[in-house]
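> build me a structure from this.
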Amino acid sequence: MEIFKAIETRHSVRKFKADIPPIEDVKKIINAARLAPSSTNNQMWHFIVIYNPAVKNKMKQAIIQTYDEILTWKEAEGKENKINFYKQFSAFFTDAPVNIAVLMEPKVSLMAEIMREKGVSEEKITRMRPNPELLSIGAAIENLSLAAHALGYGSCWLTAPLYACKKLEEILDVQSPYQLVSLLCLGKPETKTTGPQKKDLSEVMTVID
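Here you go, the predicted structure:
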């Protein structure tokens with residue numbers, strides 16, 4: 001698929017056929033993510049591909065359990081419907097044929113360390129250096145999503161399940177210094193759908209002559 005066509009037609013998919021993507025296709029998709037740009041070429045990512053239904057079910061239960069715990073908080077009173085919606089939205093991905101867990105290895109920044117020694121607040125450091133590791137992960141996931149679409153697969157990128165990050169990291173045996181930062185589902189779309197309406201180019205671009 002031509003690159004601009006892939007960009008124009010890619011959208012999140014949340015319902016999948018039962019077809020299992022072969023590992024050869026998944027390797028092509030992960031390889032596209034591997035080739036993404038990253039801050040100082042640190043390539044701080046690692047991808048766990050999950051086919052095993054038992055593991056996916058454990059992940060689902062961990063997410064549901066975490067949201068159920070949140071529902072018991074006093075702060076959740078009056079917000080139960082919205083939280084239950086988030087719970088459902090956060091757990092559906094485990095029903096997809098393939099799940100992909102995206103891990104990140106945090107990197108120490110020389111400039112950030114100098115700023116800390118100078119007494120600059122973490123808020124100001126983040127403002128001057130807005131999470132380049134996570135921005136790099138985003139680039140890799142965009143490559144992954146476009147590659148999946150080009151091969152005829154659908155995907156959905158999620159961070160809402162990360163309220164259960166500690167439980168999920170235990171299930172996936174994530175070892176320090178890596179940490180779980182995103183999850184994706186992957187498979188053949190159940191039906192042909194179109195994505196949400198995007199803002200017009202004129203709304204998102206400013207030209208300084």
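> tell me, what residue is most central in the protein?
Ser182 (3.1 Å; Cα atoms, centre = their mean).
> hang on, it in a strand?
Yes. Remark: Ser182 belongs to a strand, assigned using DSSP: H, G, I helix; E, B strand; the rest coil.
> so what's it scoring on pLDDT?
What the model reports for Ser182 is a pLDDT of 98.
> check the one 10 residues further on too.
Confidence per residue is given as pLDDT, and for Lys192 that number is 85.
> if I look at it, how far off is Val13?
Relative to Val13, Lys192 is positioned 10 Å away (Cβ to Cβ, to the nearest Å). Where C-beta positions appear, they are placed from N, C-alpha and C, glycine not excepted.
> with neighbour numbers in mind, choose between these two.
Ranked by neighbour count (other Cβ atoms under 10 Å), Lys192 and Val13 place Val13 first, with 23 against 6.
> if I pick that one, what's in contact with it?
Taking Cβ atoms under 8 Å, 6 or more residues apart in numbering as the definition of contact, the neighbours of Val13 are 154-156, 185, 187, 189, 193.
> with Pro97 instead?
With contact set as Cβ under 8 Å, 6+ apart, Pro97 has these partners: 16-21, 51, 186-188.
> quick one: which of these has the most company?
For the contacts of Pro97, neighbours were counted using other Cβ under 10 Å, and Leu186 has the most, 25 neighbours in all.
> before I go, just wanted to say thanks for your time.
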